[in-house]
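Kindly generate the corresponding structure for this input.
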Amino acid sequence: MKSAIIGETFTIKEKYLDKISSKEDEVYIVKNFLSPEDCDKYFKRIRDIGYQLKPIPWSQRIIKITKDPIVNKVATYINKRFDLELVADQAEIQNHNVNSSSDLHIHNDLGREHIKYNSLLYLNDNFDGGQFITKNGINIKPEKGMLTFFDGQQVHHGVKKVLKNDRKTIIFWWRNKNSYG
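Below you'll find the predicted structure:
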């Protein structure tokens, strides 16, 4: 397996699934979850932004897709694989453009208290920087088509600064079937 991990971590390889752990953090990875052709389809739906000296509003960097068929595909996989009953609270195509980043955070802020898990589906990997990071040392270089899954209320996570080419993902916010925001 090609290592996508930097730092003091270990990987447990299962069929089609990697579990990356570091202290209290756990992130699950499924490589090639989405085909390159499907990645390209979603990649083209959000505009390129490129380098910006100052951050641009988040609303100009996303497209909401909560009702898109990809949400059901990911939900079906996660629920079956982890024996859960999750539903998507929200899904977006996001552009972390060149010179943008995301500080470490969890999803327990006002309006997101009911969110339990998060997933990211990477639509490209031709960017520099933009690694997925956690507070306890997990550092993942995204690969096109890769799906991640983690506890968004427990794992402090963020994105290192994107240095070259925009980094585009689909992000999912999952809640338990019987919890409501």
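
Look up phi and psi at the closest residue to Y16 other than its chain neighbours.
Closest residue to Y16 apart from its sequence neighbours, by CB to CB, 6 or more residues apart in numbering: V30 at 5.9 Å. C-beta: built from backbone N, CA, C; applies to glycine. Reported as degrees, to the nearest 10, the phi and psi values for V30 are phi -120, psi 110.

can you count the residues close to V30?
21 (other CB atoms under 10 Å).

which strand residues sit across from it in the sheet?
On the basis of DSSP bridges, V30 is bridged to L147.

Distance of it relative to I20?
Applying CB to CB, to the nearest Å, the value for V30 to I20 is 12 Å.

try I56
As for I56, its distance to I20 is 31 Å (criterion: CB to CB).

do V162 as well
Applying CB to CB, the value for V162 to I20 is 21 Å.

pLDDT weak spots in this protein?
1-15, 180-181 (pLDDT under 70).

Looking at it, which residue reaches furthest from the middle?
Distance from the C-alpha centroid of the chain, by CA atoms, centre = their mean, peaks at L53 (24.4 Å).

list the helices and strands the longest helix along the chain packs on?
Assignment by DSSP state H gives helix 69-82 as the longest helix of the chain. In terms of contacts (3 or more CB pairs under 8 Å, 6 or more residues apart in numbering; DSSP states H and E), helix 69-82 is packed against strand 86-96, strand 115-122, strand 147-151, strand 167-176.

Next secondary structure element downstream of the third one?
Spelled out, it's strand 147-151. strand 157-159 (DSSP states H and E).

Could you list the paired strands of that next one along with their orientation?
When DSSP bridges is applied, strand 157-159 pairs with strand 102-105 (antiparallel), strand 132-134 (antiparallel).

For the residue nearest in space to the middle of the chain, list each beta-bridge partner.
Note on the chain: the residue nearest the mean C-alpha position is L120, at 2.1 Å, using CA atoms, centre = their mean. For L120, the beta-bridge partners are T148, I171 (DSSP bridges).

show me what contacts it?
Contact analysis of L120 by CB atoms under 8 Å, 6 or more residues apart in numbering lists 132, 142, 147-148, 169-172.

Next: E92.
Residues in contact with E92, defined by CB under 8 Å, 6+ apart, are 62-66, 170-171.
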